[in-house]
Structures are given as structure tokens and as C-alpha cells.
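Novice: no sequence on hand, only this structure:
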Ligand SMILES: C[S@@+](CC[C@H](N)C(=O)[O-])C[C@H]1O[C@@H](n2cnc3c(N)ncnc32)[C@H](O)[C@@H]1O
């Protein structure tokens with residue numbers, strides 16, 4: 001989208017309108033398709049369907065006057081597809097315009113009582129399997145599931161991180177950002193292009209979700225006996241967590257050292273950041289300062305076992321926790337990807353536990369709340385090996401409430417305004433049980 005906007009020379013309000021049209025339509029198309037199907041006497045061709053989706057979004061979600069929404073969409077179909085199709089589009093759009101979104105939902109969605117997941121899927125435009133996965137992760141509560149789905153459909157705020165020792169909240173506030181809610185290094189940017197902020201351009205600060213900052217901090221906050229000099233980020237690309245880890249490893253957890261946390265890390269460690277893909281590793285290299293960055297497959301590691309004091313495993317996952325940031329992602333994934341990724345997640349977690357020294361700690365992190373990618377993977381690892389114990393991750397996130405029953409911690413967009421990130425902290429036992 002940013003590239004298209006540049007190519008077409010759109011800026012300011014035009015760019016904002018084009019972005020809302022594209023992203024809003026992508027988010028809502030589960031609902032719009034159900035309404036369009038009810039308003040037409042035949043299945044539209046793919047190109048006509050796309051135009052109808054854009055029209056439906058303007059009619060039902062944006063404050064575009066109906067005659068303008070119908071007129072521009074019909075013109076678009078006439079110009080791009082033909083007169084016959086434009087007549088069909090006109091008829092469908094007029095029917096859509098006859099009701100509001102609130103009036104359409106009970107007509108097109110399955111009954112709430114007899115099919116709650118089906119109802120939520122259409123009402124909040126998510127694939128049904130994702131609704132079920134979210135409901136399971138939220139303990140079956142349909143009301144809270146609806147709140148989560150609604151949060152996925154809202155535009156997220158841009159969150160910045162002031163990497164300690166490299167930038168500061170004061171500097172980011174000077175560029176128009178506001179202090180974050182939880183992370184001592186977070187600032188929200190209400191408007192504007194973050195790339196134009198000097199600290200971001202110089203990689204002293206970066207765009208990073210607040211939960212992503214907090215899970216990184218949690219790993220650095222666990223007290224260790226013995227050495228604390230060598231850290232590993234096993235799946236580091238594109239480098240959000242590696243950037244913060246590198247700054248803390250080098251300069252220390254400055255906010256914690258400021259008297260907030262007696263166990264705050266004082267600095268003086270070194271980070272090795274790895275990613276299986278060269279171009280992703282390159283991005284990590286561009287955003288870090290002192291870290292050693294390599295291209296390496298974590299399941300066939302080039303490092304010796306048992307040498308790292310702390311290991312971050314931010315595992316490849318479905319990304320179901322960041323749907324609000326990627327409007328099209330919910331339609332691209334399918335349940336088969338959960339199973340496929342599950343096998344890789346298990347192998348990577350075993351490799352992370354091999355990489356950490358006895359007494360050291362591993363953070364298993366996903367940007368997905370799907371139980372099969374989170375709790376089940378961790379439970380399997382604990383069952384399989386006697387040399388790991390789980391810590392209560394919530395104890396290292398004292399500033400945040402509502403992280404679940406533990407010992408893992410689960411962030412939620414509707415509770416915390418962050419991505420739905422999961423963290424489990426595992427310590428490698430000194431003497432295996
Ligand atoms: C969720 S992303 C990591 C995000 C990153 N930690 C951040 O905060 O910016 C997962 C990464 O794992 C990498 N990956 C996938 N399989 C891997 C493997 N076998 N070994 C190492 N990295 C792998 C992917 O290329 C991807 O960049």
C-alpha cells in the first residue's frame with residue numbers, strides 16, 4: 001500500500017482515504033460478502049465482487065454519502081469491466097444501501113443462540129476457525145471473544161520504542177509521541193510517519209508493539225545465578241526484539257536501574273541474533289548496533305550447545321495475534337498452517353533449551369494466542385524433557401494486569417491495546433529431575 005500510494009502520488013487526506021478503503025474493505029469482507037450474496041441474483045465475477053466490496057464498505061462503515069458511494073462504484077465497474085456489469089452493481093449496491101450494518105447483521109449472520117461461532121464470524125468478519133481458536137484461548141467466553149474480534153477490526157495505534165542508551169522517551173515526546181501505558185520504553189505516535197522521526201531513521205528508536213517490548217523485557221528481568229554475558233535471539237528477523245535486546249545487553253535496563261527493579265540488568269552482555277533467511281537477518285543487522293548477526297537455521301545450529309545465558313525464541317507462527325495490523329492476514333491462513341508450524345515450533349523450542357546453559361532461561365514467544373501454538377507446545381516440551389522448569393512469566397511483568405492464569409502470560413488487543421502476544425519462560429535446570 002505505501003508503495004502504491006507513492007506511485008500514484010497520493011498524500012495527506014487522499015492517501016488516508018485510499019488506505020481506509022483498501023484496509024477497511026479487506027478487514028470487513030467476511031461480512032460484506034454475506035450481504036452482497038443476499039443482494040444479488042447471481043454470483044458476481046471476481047472483479048465485480050471486489051468493486052462491490054469497496055462499495056459496501058463505504059456504504060456500511062464509512063461516512064460517504066450513499067449516492068456518492070454508489071455512483072463512484074458503479075462508474076468504476078463501468079470503466080473497468082463494462083456496462084452490463086455496472087447495471088448489476090447498481091442494483092446490488094442500492095439494496096445494500098437500504099439498510100445499516102446493524103440492520104444487516106441479524107439478517108445475514110447465523111443465529112447467535114444456536115451457532116454462536118458462526119454468528120461472530122459473520123458479524124465481526126473473521127474466518128470461523130479463527131473465531132473458535134480465539135474463543136478457546138479466552139476460556140470460552142463469547143462476550144469477550146466478540147470484544148477481541150472488534151479490537152481486531154479497529155486501526156491500531158503506532159507504538160515506538162526508545163531503545164535504552166540510544167534514545168529516550170523525552171526525545172520521542174519531542175517528536176510528537178505520547179508516553180506508553182506499560183513499557184517504560186514505549187511511546188504512542190498519534191499521527192504522522194514514524195520513518196520521519198530522526199531517532200527512528202537512525203535506529204536508536206523503532207516501531208515496536210508494546211507487548212513485544214514487554215516480553216523482551218521479561219526475558220531480561222529473570223534473575224540468573226552465575227554468568228550473564230551471552231544472549232541469543234534465535235528467530236530474530238526483522239529485528240524488533242533483537243533491537244531492544246541488543247540495547248539492554250549493551251547499556252542495561254536503564255528504566256529498571258532507575259530504582260524500579262532491584263534485579264534490573266546492568267549491561268555488559270553480548271547478543272547473537274540469528275534468522276534462517278538471509279534477507280531477514282540483514283534487516284536485523286541494519287537495526288542493531290553491537291549484536292553479532294548471522295543467517296542460521298535454529299534447528300541445525302552452528303553454535304555450541306549450552307553456552308547462552310538467555311535465549312529468546314520468538315517462534316514463526318500464524319500471526320493470529322496481530323490481525324489488526326495485517327488486514328488481509330485472516331483470509332490467508334488456514335487451520336493446516338497451525339499443524340505445520342506446530343512441528344517447527346517444537347523443534348525450535350527443543351533447540352532453544354539445548355542452546356541455553358543450565359540455570360539459564362528461555363523465552364518462548366508467539367504473536368498468536370492459538371492454544372496449539374502456545375500452551376500445548378510448551379506443555380509438550382516440559383513433558384518431553386526433565387531439564388526444564390516453567391517460571392511464572394507474570395511475575396516479570398508486574399506493570400500489566402489481565403495476563404491470564406499463568407504460569408505463561410497472554411496479552412490481548414481488547415484488554416491491553418497490544419498484539420495478542422504469548423510468553424512462557426523456561427529455566428534449564430542445573431540438575432535434571
Ligand atoms: C515471528 S518472526 C520473529 C520476529 C522478530 N523476533 C521480531 O521481533 O522482529 C519469526 C522469524 O523466524 C524465522 N525462522 C523461521 N524458521 C526458522 C528457523 N528454523 N531458524 C531460525 N529462524 C527461523 C523467520 O524467518 C522469521 O523471521
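Specialist: Cool, the structure landed. Everything numeric here is computed off the predicted structure, so don't read it as measured data.
Novice: could you use CA atoms for every contact and neighbour count after this?
Specialist: OK.
Novice: show me what contacts residue 110?
Specialist: Residues near residue 110 by Cα atoms under 8 Å, 6 or more residues apart in numbering: 116, 118, 119, 122.
Novice: wait, the second one sits on residue 129?
Specialist: In this case it means residue 118. No - taking contacts as Cα atoms under 8 Å, residue 118 lies outside contact range of residue 129: 9.4 Å.
Novice: neighbour count: these two, which is higher?
Specialist: Higher neighbour count among residue 118 and residue 129: residue 118, with 19 against 14, using other Cα atoms under 10 Å.
Novice: now the more buried one: which helix or strand?
Specialist: helix 116-123 (DSSP states H and E).
Novice: give me phi/psi at the residue of the stretch 51-200 of the chain found nearest the ligand?
Specialist: Residue nearest to the ligand within the stretch 51-200 of the chain (Cα to the nearest ligand atom): residue 161, separated by 12.1 Å. The phi/psi pair for residue 161 (degrees, to the nearest 10) reads phi -120, psi 130.
Novice: skipping adjacent residues, who's closest to the most centrally placed residue in the chain in space?
Specialist: Centroid-nearest residue in the chain: residue 322, 2.6 Å away (criterion: Cα atoms, centre = their mean). Spatial nearest neighbour of residue 322, chain neighbours left out: residue 419 (5.2 Å); criterion: Cα to Cα, 6 or more residues apart in numbering.
Novice: for that neighbour, what are its contacts?
Specialist: Contacts of residue 419 by Cα under 8 Å, 6+ apart are 209, 210, 211, 212, 321, 322, 367, 411, 412, 413.
Novice: ranges for the helices of the stretch 101-250 of the chain?
Specialist: 101-108, 116-123, 128-137, 142-152, 169-173, 198-201, 210-221, 240-251 (DSSP state H, counting those that start in this stretch).
Novice: other SSEs contacting the helix holding residue 118?
Specialist: helix 12-39, helix 101-108, helix 128-137 (3 or more Cα pairs under 8 Å, 6 or more residues apart in numbering; DSSP states H and E).
Novice: need those helices in CSV with mean pLDDT, can you?
Specialist: Converted to CSV, those look like this (pLDDT from 0 to 100):
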stretch, mean pLDDT
helix 12-39, 95
helix 101-108, 98
helix 128-137, 98
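Novice: okay if I get these as TSV plus distance to residue 340?
Specialist: Below are the helices and strands packed on helix 116-123 laid out as TSV (distance: least, Cα to Cα, whole Å):
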stretch	distance to residue 340
helix 12-39	25
helix 101-108	33
helix 128-137	16
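Novice: what's the neighbour count on residue 200?
Specialist: 20.
Novice: next one: residue 113
Specialist: 8.
Novice: could you check how far it is from residue 103?
Specialist: Using Cα to Cα, to the nearest Å, we find residue 113 at a distance of 18 Å from residue 103.
Novice: also residue 9?
Specialist: Counting by Cα to Cα - residue 9 and residue 103 are separated by 38 Å.
Novice: equivalent analysis for residue 285, please.
Specialist: Distance from residue 285 to residue 103, by Cα to Cα: 52 Å.
Novice: those two: which has the busier surroundings?
Specialist: residue 285 (23 against 10).
Novice: doesn't residue 286 fall inside a helix?
Specialist: Yes - assessed with DSSP: H, G, I helix; E, B strand; the rest coil, residue 286 lies in a helix.
Novice: give me every residue that touches residue 359.
Specialist: 224, 225, 309, 427, 428, 429, 430.
Novice: in what helix or strand does it lie?
Specialist: strand 356-366.
Novice: partners of that strand in the sheet?
Specialist: Its sheet considered, strand 356-366 pairs with strand 308-314 (parallel), strand 422-428 (antiparallel) by DSSP bridges.
Novice: tell me the one among the contacts of residue 110 nearest to residue 97.
Specialist: Using Cα to Cα, residue 122 comes nearest to residue 97 of these, at 18.3 Å.
Novice: any idea how far the closest one lies from residue 202?
Specialist: Using Cα to Cα, one gets 44 Å for the distance from residue 122 to residue 202.
Novice: out of these two, which sits in the busier spot?
Specialist: More crowded of residue 122 and residue 202, by other Cα under 10 Å: residue 122, with 24 against 14.
Novice: tell me how far residue 152 lies from residue 414.
Specialist: Computed with Cα to Cα, the distance linking residue 152 and residue 414 is 8 Å.
Novice: among those two, which residue is more densely surrounded?
Specialist: Between residue 152 and residue 414, residue 152 has the larger neighbour count (other Cα under 10 Å), namely 26 against 18.
Novice: mind listing what that one touches?
Specialist: By Cα under 8 Å, 6+ apart, the residues touching residue 152 are 322, 323, 324, 413.
Novice: go through those residues and name the one nearest the ligand.
Specialist: Nearest to the ligand out of the contacts of residue 152 is residue 322 (Cα to the nearest ligand atom; 10.7 Å).
Novice: thank you, goodbye.
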